[in-house]
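Asks: quick one, what's the 3D model for this:
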Amino acid sequence: MTEIMSVNESKPELEVIRKASDILQNNGTVVFPTETVYGLGANGLSSTAVQKIFDAKMRPNDNPLILHVHSLEQVNQIGIAPKEFYQLAEKFWPGPLTMIIPKNDAIPHEVSRGLETVAVRMPDHSIALSVIREANLPIAAPSANISGRPSPTSFEHVNSDLNGRVDMIIDGGETGVGLESTVIDLSTKPFTILRPGGITFEDLESVLTKELLQTTAKIKSQDQTPKSPGLKYRHYAPKGELFLVDGEGERLLEKIKELVEKYSNQNYRVGVLVTDELKSYLTDNLSDLNHIYMYDLGPIDNLNQVAKNLYNGLREMDNNSVEIIFCRTFPKIGMGTALMNRLKKAARDRIL
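Replies: Okay, here's the model as predicted:
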């Protein structure tokens, strides 16, 4: 049975934090909010505890986990950090940046999945930090959803996926960033961005300059263990079929309108993840909105807001039984790079 507790983010209740830390210290599982998405936490130094994460999420067994810490001192317990690690940590921690470093012998196989590296980050969320600090353990915590589904940005998402599969869920309201952390590999040079996120290439370049290589690593074979979550398997996917629509200006608006009409005329339940101007255009130009569901991600000139709303939009498509989903592409600048990374994986690279 899953225990559900609500916590005030501005002043987390100590009684709940202590109960959560006690569960973690006894190799149980606790879901808690971070600034990115909700995480499913377990003792990152216990093989038994970490395996419960894989079981609850139905996560592929070769997908490594990120360890969450509350201090730089904790990092010394789990890995060997180069000087660039501390330079990045000084500027971006706590925050949505995960760094991969050589691991030490304390890290169980279930965390690293046989790799010689470990991923670590310090979340920028009072509830998450309070739980990790009270437990006094590095906490393994992937997104708190069934693997492959859109990541959870609210208690309702977590409750839908994991109630009955974990020991505790902490309801801390909605998350802030809405996309998972940026992952950078510091174990080899030049350094490589493995997953884009809230800390952008431009942000990282301001610290690392020429030592940073802007690439997103790809898995060369299905037998290869990925260094980071989000590389090997289909992620973030709704139940309906998602297609991305490329284009600019008036032609993009017309293209999406034509696609919506084509499939709604075939009696498909059609959904569109819209930005503000697209919502206005479709509302004004579609003759029949009865078979169409629109979810407004926000204004095109505020990609941070679009990112924050993306996973909720994908889940709302499922809640409204949408069969075919269309979403425009976004410029690969700043947060747009992370947005397109998530959307392409959810759409299986289908761009019209």
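Asks: okay, now the unreliable bits of the chain?
Replies: Scanning the chain for pLDDT under 70 picks out 210-235.
Asks: now do the domain split for it, please.
Replies: 3-213, 241-346 (automatic domain parsing).
Asks: mind putting those domains in TSV, distance to residue 352 and mean neighbour count included?
Replies: Every C-beta, even on glycine, is put in place using the N, C-alpha and C of the backbone. Below are the domains of the chain laid out as TSV (distance: least, CB to CB, whole Å; neighbours: other CB atoms under 10 Å):
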stretch	distance to residue 352	mean neighbour count
domain 3-213	21	20
domain 241-346	5	18
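Asks: contact partners for the residue nearest to residue 65 when sequence neighbours are not counted?
Replies: Sequence neighbours aside, residue 140 is the residue nearest to residue 65 in space, at 4.3 Å (criterion: CB to CB, 6 or more residues apart in numbering). By CB atoms under 8 Å, 6 or more residues apart in numbering, residue 140 lies in contact with 41, 42, 43, 44, 49, 50, 53, 65, 66, 67, 68, 111.
Asks: what do you get for residue 292?
Replies: By CB under 8 Å, 6+ apart, the neighbours of residue 292 are 260, 264, 270, 271, 272, 282, 286.
Asks: try it again at 10 Å.
Replies: 260-261, 263-264, 268-272, 282-283, 286, 322, 326 (CB atoms under 10 Å, 6 or more residues apart in numbering).
Asks: how about residue 54?
Replies: 42, 60, 61, 63, 65, 110, 113, 140, 142, 147.
Asks: and those, which two are furthest apart?
Replies: Among those, the pair separated by the greatest distance (CB to CB) is 42 and 60, at 16.9 Å.
Asks: could you dump the helix or strand containing residue 53 to CSV, C-alpha only?
Replies: Using DSSP states H and E, residue 53 falls within helix 47-57. C-alpha atoms of helix 47-57 as CSV (Å, rounded to 0.1, in the frame of the first residue of the first chain):
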residue,chain,number,x,y,z
SER,A,47,21.4,-3.1,-4.7
THR,A,48,18.2,-4.3,-3.1
ALA,A,49,16.7,-0.8,-2.9
VAL,A,50,17.7,0.2,-6.4
GLN,A,51,16.2,-2.9,-7.9
LYS,A,52,12.9,-1.8,-6.5
ILE,A,53,13.1,1.2,-8.7
PHE,A,54,13.4,-0.9,-11.8
ASP,A,55,10.6,-3.1,-10.7
ALA,A,56,8.2,-0.3,-9.9
LYS,A,57,8.9,1.6,-13.2
